[in-house]
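Novice: Show me the folded form of this:
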Amino acid sequence: MRHVLWCASIAILLASAGIAQTLDKELVASISGAALDRGIVSELLWDGGTLIIQSAVIEPDGQLKPRYFAAPAANMELQRLAAAPASAERYWKMKSSRVSPTRLGTIVARHDSQMPMFGVGSQQSRLLNAVEFGGMVITQEFHLGKLLIHSRKGAEPPYDGEVWAWSEPELNRIAYVDGKGDLWIARADGKGTDRLMRGPVTLPAWSEDGRLIAVTERKDDGARWDISIVRVPERFRK
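Specialist: Residues are numbered from 1 along each chain as shown. A predicted model of the protein is given here:
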């Protein structure tokens, strides 16, 4: 929950799902301001044909509280929900698990710490420089078999499901976002990779029928969040 929206005005701009914004994706909604109440888009879920948008709002006591919006596929009209749908927990557990629904693939997290390089001084001077300029450089990696699906620098790793989403077992695939923010898909064993679109995007969410992948983009330094859908080519749904 690293990015916070600070807009003062409400801005919810809806676009028809049938109007392609680019060759890669279709804009579903843009959300900013009081609509999220200084929050962030923290998760995307599917409930049948309805896309569920979860936000995280900072309460006065500093705690994060989830809120939910629904974008029905029929008219994409954004609706505020009192709570998450009953199916949300099942979907989230499947999407964010480190083991594929078919048990054919397992995501493994690794991290590596390295001392920053500050010239050719003594080891003691380099250690002192590392402390002064923020300490060790930590790289977070997530692997699926031999496939590196995501890599980023920083002490905080992505939370489970932030950069990947499993499909339903029948499709036996994974959608993931690499370190550049590009959207890829692969088989559950990490083979057969193919890039669907260039990013940067995050929070991939694969629809239950395997036809769509929802993603979000942080815009204007967090002042706006765009939610889009990507249509999965037929050849990847077999």
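Novice: Please make it C-alpha for all contacts and neighbour counts, starting now.
Specialist: Noted.
Novice: most centrally placed residue in the chain?
Specialist: Central residue of the chain (C-alpha atoms, centre = their mean): L203, 1.6 Å from the mean position.
Novice: how about it, what does it touch?
Specialist: 42-44, 161-164, 214-216 (C-alpha atoms under 8 Å, 6 or more residues apart in numbering).
Novice: now these as CSV including distance to L81 and neighbour count?
Specialist: Output for the contacts of L203, formatted as CSV (distance: C-alpha to C-alpha, whole Å; neighbours: other C-alpha atoms under 10 Å):
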residue, distance to L81, neighbour count
S42, 15, 19
E43, 14, 21
L44, 14, 27
G161, 22, 22
E162, 22, 19
V163, 25, 24
W164, 25, 30
A214, 19, 26
V215, 20, 26
T216, 19, 26
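Novice: Let me know the closest of those residues to I31.
Specialist: Nearest to I31 among the contacts of L203 is T216, at 10.5 Å by C-alpha to C-alpha.
Novice: which residues of the protein fall in helices?
Specialist: 88-96, 123-132 (DSSP state H).
Novice: Which one of these has the poorest average confidence?
Specialist: Here these differ in mean pLDDT, and the lowest is helix 123-132 at a mean of 47.
Novice: Can you tell me how far the residue nearest to the centre of the chain is from G62?
Specialist: According to C-alpha to C-alpha, to the nearest Å, L203 stands 24 Å off from G62.
Novice: Show me how far stretch 220-236 is from its chain's centre.
Specialist: Offset of stretch 220-236 from its chain centre (C-alpha atoms, centre = their mean, to the nearest Å): 10 Å.
Novice: Alright, calling it a day.
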